[in-house]
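>>> Okay, here's the prediction I keep looking at, along with the sequence it came from:
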Amino acid sequence: MDSHLKLTERERNVLRLFAEGKNESSVADELGLTGETLEETSLNVLHKLFAGSLMNTLQDEEVAEVESELVSA
């Protein structure tokens, strides 16, 4: 994954706590975040995960296209 798509420590902690089933209030309290900071951090996580997934999909499609061209040649 590109370095600009890596999750920060805070982002990893937010993701982990949500994955454990904690609600927004519990996550914010445990990490000492305001609601606004938690929302911003959560959006950053989603953007990074989506962008990384999209990049992998595009790379897979490019590889498949090149392989198809090699087989056709």
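Done, it's in. Here the structure is a predicted model, which means the values were calculated and not measured.

>>> For the longest helix belonging to the chain, buried residues please.
Longest helix of the chain, by residue count under DSSP state H: helix 35-72. Of all the residues in helix 35-72, those buried under the rule 16 or more other C-beta atoms under 10 Å are 38, 41, 42, 45, 48. C-beta here means a position set from N, CA and C on the backbone, and glycine is covered the same way.

>>> Run through the neighbouring helices and strands of it.
Applying 3 or more C-beta pairs under 8 Å, 6 or more residues apart in numbering; DSSP states H and E, one finds that helix 35-72 contacts helix 9-19, helix 24-31.

>>> buried ones in the shortest one?
If I follow you right, that is helix 24-31. Within helix 24-31, the residues scored as buried using 16+ other C-beta under 10 Å are 27, 28.

>>> Give the rounded mean pLDDT of it.
The average pLDDT for helix 24-31 rounds to 97.

>>> ditto for the longest one
Averaged across helix 9-19, the pLDDT comes to 96.

>>> That one to helix 24-31, inter-axis angle?
Counting by axes from the mean of the first three to the mean of the last three C-alpha atoms, to 10 degrees, helix 9-19 lies at 140 degrees to helix 24-31.

>>> List the contacts of the nearest residue to residue 17 once chain neighbours are set aside.
Among residues not flanking residue 17 along the chain, residue 27 sits closest, at 4.5 Å (C-beta to C-beta, 6 or more residues apart in numbering). Residue 27 is in contact with 14, 17, 18, 33, 38, counting by C-beta atoms under 8 Å, 6 or more residues apart in numbering.

>>> which non-adjacent residue is nearest residue 13?
residue 31 (5.9 Å).

>>> middle-most residue in the chain, spatially?
For the chain, the residue nearest the mean C-alpha position is residue 49 (1.9 Å; C-alpha atoms, centre = their mean).

>>> sorry, back to before: of all the contacts of residue 27, which two lie farthest apart?
Farthest-apart pair in the contacts of residue 27 is 18 and 33; separation 12.6 Å (C-beta to C-beta).
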